[in-house]
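Enquirer: Just to be clear, the model below is a prediction. Sequence and coordinates:
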Amino acid sequence: MELKFTSKSLQRHARKCEKEEKSEKLRVKKAMEKGNMDGARIYAENAIRKRTEQMNCLQLASRLDAVVARLDTQAKMTTVNKSMTNIVKSLESSLNTGNLQKMSETMDQFEKQFVNMEVQAEFKESAMAGSTSSSTPEGEVNSLMLQVADDYGLDVSVGLPQAGAHAVSTKTGEG
């Protein structure tokens with residue numbers, strides 16, 4: 001629970017840094033309009049520092065969220081393992097007594113727990129595979145960023161590789 005709180009706190013701090021970065025950019029603009037290039041340079045450095053701080057906070061918050069997800073998944077798996085142990089014991093006693101109805105009920109319960117365990121295992125695998133931003137394929141990130149830029153009419157062509165920029169040209173033969 002404390003990790004979740006820390007993550008939220010980091011996200012709030014990142015938003016604060018973003019606001020401060022915007023403020024510094026306005027100061028850069030005002031200083032440049034007044035012809036104060038040295039002051040503009042200092043404000044620009046401050047803006048860059050705030051941007052870096054914001055990115056670091058967001059990255060750390062993302063990592064904490066990943067840890068929380070992993071811990072949550074592990075807790076669920078522990079619960080399932082305990083439940084499976086009890087079911088196996090119940091199944092053994094049913095087999096020893098020869099009670100077919102109890103065996104059938106225990107097998108149904110076993111199947112339900114097994115399905116739950118499979119679902120949680122799949123969730124755990126997907127959570128661990130994609131829990132941090134560093135494990136996300138860069139192409140997907142760039143694609144999403146380009147899509148958002150298109151949606152809002154932003155020009156980010158300088159910062160991102162263009163889709164198809166590395167495409168191989170093919171010649172079609174006639175005939």
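Expert: That came through fine.

Enquirer: For residue 76, give me its contacts.
Expert: Under the criterion of CB atoms under 8 Å, 6 or more residues apart in numbering, the neighbours of residue 76 are residue 120. To be clear about C-beta, it is placed using only N, CA and C from the backbone, and glycine gets the same treatment.

Enquirer: Give me the mean pLDDT for the helix or strand where it lies.
Expert: Taking DSSP states H and E as the criterion, residue 76 maps to helix 37-97. Averaging pLDDT along helix 37-97 gives 85.

Enquirer: Which residue comes closest to residue 44 once chain neighbours are left out?
Expert: Nearest residue to residue 44 in three dimensions, chain neighbours excluded: residue 28, at 5.0 Å (CB to CB, 6 or more residues apart in numbering).

Enquirer: in terms of contact, does the one you found touch residue 47 like I think?
Expert: Yes. At 6.5 Å, residue 28 counts as touching residue 47 under the criterion of CB atoms under 8 Å.

Enquirer: wouldn't residue 25 be in contact with residue 47 here?
Expert: Yes. Residue 25 is within contact range of residue 47, at 5.1 Å (criterion: CB under 8 Å).

Enquirer: what's the spacing between the residue nearest to residue 44 and residue 104?
Expert: Going from residue 28 to residue 104 by CB to CB, to the nearest Å gives 75 Å.

Enquirer: Who has more neighbours out of the two?
Expert: residue 28 (20 against 11; other CB atoms under 10 Å).

Enquirer: Any chance of the backbone angles for that one?
Expert: Main-chain torsions, residue 28, degrees, to the nearest 10: phi -60, psi -50.

Enquirer: and what of residue 24?
Expert: phi -70, psi -40.
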